[in-house]
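>>> dropping the sequence and predicted coords here.
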Amino acid sequence: MSSYKRATLDEEDLVDSTSEDVYSSTPMQVTFMQGRGGACWADKTYRERRLLFVVCVLSVALFVSLIAAGVFYKQAHPGLCLQEPCVTMAGAVLGSLDRTVDPCHDFYNFACGGWVKSNPLPEGKSRWGPFSNLWEHNMLVMKRLLENTTLKGLSKAEEKAQRYYQACMNETKIEELGAKPLQQLISQIGGWALTEPWDKNNFQQVLRTVSAGLRTSPFFTVFVSTDSKNSSSNIIQVDQSSLGLPSRDYYLNKTANDKYLTAYLNFLVELGVLLGASEETSRTLMTEIVEFETTLANITVPQEERRDEELIYHKIEAKELKTLAPAVDWMPFLAEVFTPVTINESEPVVVYAKEYLQKVSELIATTNKSLLNNYMMMKVVRKMVSVLDQKFQDAEQHFLEVMYGTKKSCTPRWKLCVSDTDSALGFALGAMFVKDTFAEDSKAIAEEMVSDIKWAFEDSLKYVNWMDPETKKAAKEKADAIYNMVGYPEFIMNATKLDKVFNDFEVVSDLYFQNVMQYYNFSARVTADQLRKSPNRNQWSMTPPTVNAYYNPTKNEMVLPAGILQAPFYSRSYPKALNFGGIGVVMGHELTHAFDDQGREYDKDGNLRPWWKNSSVEAFKRQTQCMVEQYGNYSINKEPLNGKHTLGENIADNGGLKAAYKAYDNWIRKNGEEATLPALGLTNHQLFFVGFAQVWCAVRTPESSHEGIITDPHSPSRFRVIGTVSNSREFSKHFGCKANAPMNPEHKCELW
């Protein structure tokens, strides 16, 4: 901060000298005026007349210069903004700062230290930050809309969203039914050894049933999505499935994760007892399940080894699946999963886990049929826990308290019901949310900002010296072609189109379990229907109220839902410094994903193909290795980050900050400096970086941090801040960081 004060004092010294020049000009003006009352112009000698003419010209020139200087100075030093929004904003920014910390030593603690001190972790939460806070705000809005049954002019889809929510809130009915809905479902599927004698040869049929209508994925996952190598068509895709715990690491490193494995087993045992088994029977059966899942974890490929999609993409015909994984009867399986679409043996399929499928097939073939059935049923039970009565909710809560270090709290049921309604009917609920909260000019302003960010990124490409000219030209074309989706998909504002989307989804007012089952069946039909259609730009992967954003490589599009286009990321009353530091960096982040280690493999049309020259590919890998090592040297609670696993997000964070800064700097050049916020003692450029950092202020339990390091492709919040600013030369310039200060290392990782 001292360097900032010196800069301000230098500017004030400049003001004083300018004022003295104004006063010193007065005698010249007086001398010139005396010419009118003294000797006439004709009486002057040639030298006198020439001298007077020069004085006159100089006086006029000086007058014009002073006016220009005043205008320029006002633009460059517009003073303080003392309007109410600015004062409020300054108070919020100031309250989050910790002035005792040198920003060049630890910028995260400088920007967020005050916030962390005044924001203890709320009860029942494993992490908390601006994202969480804004989502809580959005949930309150959705709650109000879902509970207001007097709203006029709702579409049928919006009415379904209200009914779905009402059924979820009908705790009396849910408690009355207890475990019965799930017990009946288990019997319909074929039963299991938990509560009855079981000796059946129905593995194939059970696998089909739980994978189709119930959308569980016990051994592998099958879905429909855009073909990465033909972005104009959808295709069946097969990949490894998820596990009961967040990552394979929890199973493999048993010593470090003993408490999590114990809590998981106890959770499953409690579920078994709630479904009618004895404690002894449930523990025996669930112990076998956890041991089996540990075997699955051993053959599951770590995420950091799956980042190169060119290497893991394998297109085959459906009939070849039988050779690859003979333990599964594939054609009947695909036929049931994609009913009513007819699947023949020549149907193209993309396999993303070839070696895994081979191993899981061997595992299925050598495992006791009863254990396989128990495992599949457990997956169904886990999926349905949150739909059942309070005893099941409590069992899950006990597990989560250990898993994420949360303190037990009485989370209001409405929060669960709002989130679930958003998951099932999020675009119907999203239509209500958008009409209630989203100003149309916000969309236009955001789209203009996206254009500014895109310009900045493309302009920076000119100075990327490690990339060959031909690849650089193609990269600019890809950036030009990125499609921006802001706010919401257009169809949700058309009641007829919205109703058509949800026409096949039946919702009743008082049977929550039944509604959830209807949703899973509806979702399965929608998935099957996509197989014979081209990818649709209007099909979003996030609902409008979501506080997040994403980039889709196969569509080469970035999506910014209405939910995130709010404070603290964006506000019409914010200075541009905060808007560019907030939502601007988010936009830059998503745009840069098009050029991270995975996104760069897709061309401007969203096709996975080698469109870079080999020399640039090798140079890219050398440049990114710097970030792998940089972030790999950070640690939380003595646990190092995985620089390879987080590489894509780290590239996006660094590129996003750089593009947003450049766009903001360009905005200033066009429009002049803004007034600064009072009481902060920050220039607007400094405010840009502080605004960026304060978006990532966060508190988190040690257990949640551990889970994040293992599973999250994003770096922890602290390192999203200090990792990016320590690579930013502009940051060090504006904060006057000395060479080799912690936030200004000599060696910086630079990519885009």
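Done, it's in. Residues are numbered from 1 along each chain as shown.

>>> tell me the secondary structure for the closest residue in space to Gln530 that isn't next to it in sequence?
Closest residue to Gln530 apart from its sequence neighbours, by CB to CB, 6 or more residues apart in numbering: Val224 at 4.7 Å. Every C-beta, even on glycine, is put in place using the N, C-alpha and C of the backbone. Reduced to three states with DSSP: H, G, I helix; E, B strand; the rest coil, the structure at Val224 is strand.

>>> is Val224 in contact with Gln237, as I believe?
Yes. If you go by CB atoms under 8 Å, Val224 and Gln237 touch, sitting 7.1 Å apart.

>>> can you get me a residue count around the residue nearest to Gln530?
When neighbours are counted by other CB atoms under 10 Å, Val224 registers 20.

>>> show me the contacts for it.
Each residue near Val224 by CB atoms under 8 Å, 6 or more residues apart in numbering is listed here: 234-237, 338, 527-528, 530-531.

>>> try Met378
244, 268, 286, 289.

>>> avg pLDDT for the helix or strand hosting the third one?
If I follow you right, that is Met286. Here Met286 sits within helix 279-299, counting by DSSP states H and E. Averaged across helix 279-299, the pLDDT comes to 96.

>>> check which residues of it are buried.
281-283, 285-286, 288-290, 292-294, 296-297, 299 (16 or more other CB atoms under 10 Å).

>>> count the residues that sit near Tyr520.
If you count neighbours by other CB under 10 Å, Tyr520 ends up with 17.

>>> so what's the nearest residue to it once chain neighbours are set aside up against?
For Tyr520, ignoring the flanking residues on the chain, the nearest one in space by CB to CB, 6+ apart is Arg215 at 5.0 Å. Contacts for Arg215 were tallied using CB under 8 Å, 6+ apart; they are 383, 520, 523-524.

>>> now Leu185
Contact analysis of Leu185 by CB under 8 Å, 6+ apart lists 380, 384, 517.

>>> same thing with Val418?
139, 142-143, 146, 165.

>>> distance of it relative to Gln694?
27 Å (CB to CB, to the nearest Å).

>>> now the two most distant members of the buried residues of helix 279-299.
Thr281 and Ile299 (28.4 Å; CB to CB).

>>> endpoints of stretch 224-238, how far apart?
Criterion CA to CA, to the nearest Å; first-to-last residue distance in stretch 224-238 is 9 Å.

>>> next one: it to chain centre, how far?
Centroid displacement of stretch 224-238 relative to its chain, using CA atoms, centre = their mean, to the nearest Å, is 23 Å.

>>> name the residues of that stretch that are buried.
Here stretch 224-238 shows 224, 226-231, 234-238 as buried, counting by 16+ other CB under 10 Å.

>>> how about the residues you listed, which pair is most distant?
Using CB to CB, those span at most 19.0 Å, a distance reached by Ser231 and Val238.

>>> now that we're looking at Glu196, what pLDDT does it have?
84.

>>> what's around it, how many residues?
11.

>>> that one and Arg127, how far apart?
Using CB to CB, which is the criterion applied here, Glu196 is 42 Å from Arg127.

>>> list the contacts for Lys576?
Contacts of Lys576 (CB under 8 Å, 6+ apart): 664, 667-668, 674, 684.

>>> now do the lengthiest strand in the chain and helix 279-299, the angle between them.
Looking across the chain with DSSP state E, the single longest strand is strand 230-240. Counting by axes from the mean of the first three to the mean of the last three CA atoms, to 10 degrees, strand 230-240 lies at 130 degrees to helix 279-299.

>>> so which bits of whatever helix or strand comes next after strand 230-240 are buried?
Helices and strands here follow DSSP H and E; after strand 230-240, the next one along the chain is helix 249-252. By neighbour count, with 16+ other CB under 10 Å as the criterion, the buried positions of helix 249-252 are 249-251.

>>> try stretch 303-317
Quick answer for stretch 303-317 (16+ other CB under 10 Å): 306-307, 309, 312-313, 316.

>>> so which elements touch the one helix or strand Met485 maps to?
For Met485, the element it lies in under DSSP H and E is strand 483-487. Strand 483-487 sits against helix 440-461, strand 557-561, with contacts defined as 3 or more CB pairs under 8 Å, 6 or more residues apart in numbering; DSSP states H and E.

>>> pick the most deeply packed of these.
strand 557-561 (a mean of 25; mean count of other CB atoms under 10 Å).

>>> pLDDT of the helix or strand following that one, averaged?
Following strand 557-561 in sequence order, the next helix or strand is helix 576-579 (DSSP H and E). Across helix 576-579, the average pLDDT comes to 95.

>>> list the buried residues for helix 576-579?
Applying 16+ other CB under 10 Å to helix 576-579 flags 576-579 as buried.

>>> redo the buried residues of stretch 224-238 as JSON lines? Include distance to Glu458 and pLDDT.
Output for these, formatted as JSON lines (distance: CB to CB, whole Å; pLDDT from 0 to 100):
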{"residue": "Val224", "distance to Glu458": "34", "pLDDT": "95"}
{"residue": "Thr226", "distance to Glu458": "25", "pLDDT": "95"}
{"residue": "Asp227", "distance to Glu458": "28", "pLDDT": "96"}
{"residue": "Ser228", "distance to Glu458": "25", "pLDDT": "96"}
{"residue": "Lys229", "distance to Glu458": "26", "pLDDT": "96"}
{"residue": "Asn230", "distance to Glu458": "27", "pLDDT": "95"}
{"residue": "Ser231", "distance to Glu458": "22", "pLDDT": "94"}
{"residue": "Asn234", "distance to Glu458": "31", "pLDDT": "96"}
{"residue": "Ile235", "distance to Glu458": "32", "pLDDT": "96"}
{"residue": "Ile236", "distance to Glu458": "37", "pLDDT": "97"}
{"residue": "Gln237", "distance to Glu458": "32", "pLDDT": "97"}
{"residue": "Val238", "distance to Glu458": "37", "pLDDT": "97"}
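
>>> and which of these is nearest Val349?
Ile236 (4.7 Å).

>>> from Val224, how far out is the closest one?
From Ile236 to Val224 the distance is 6 Å (CB to CB).

>>> tell me, what's touching the two both at once?
338, 531.

>>> how near is Asp239 to Ala528?
18 Å.

>>> actually Val87, not the one I typed
56 Å.

>>> neighbour count winner among those two?
Ala528 (18 against 14).

>>> what are the phi and psi angles of the more buried one?
phi -60, psi -40 (degrees, to the nearest 10).

>>> how about it, what does it touch?
Contacts of Ala528 (CB under 8 Å, 6+ apart): 224, 337-341.

>>> rewinding a little: among the helices and strands packed on strand 483-487, which is nearest Arg537?
Nearest of these (CB to CB): strand 557-561, 6.8 Å.

>>> mean confidence for the closest one?
Mean per-residue pLDDT for strand 557-561: 96.

>>> show me where pLDDT drops low in the stretch 201-350 of the chain?
Along the stretch 201-350 of the chain, no part satisfies pLDDT under 70.

>>> ditto for the chain
Using pLDDT under 70, the chain drops low at 1-78.

>>> quick one: residues contacting the nearest residue to Pro568 once chain neighbours are set aside.
Excluding its sequence neighbours, the residue lying closest to Pro568 (CB to CB, 6+ apart) is Pro130, at 5.0 Å. Under the criterion of CB under 8 Å, 6+ apart, the neighbours of Pro130 are 568-569, 694-697.
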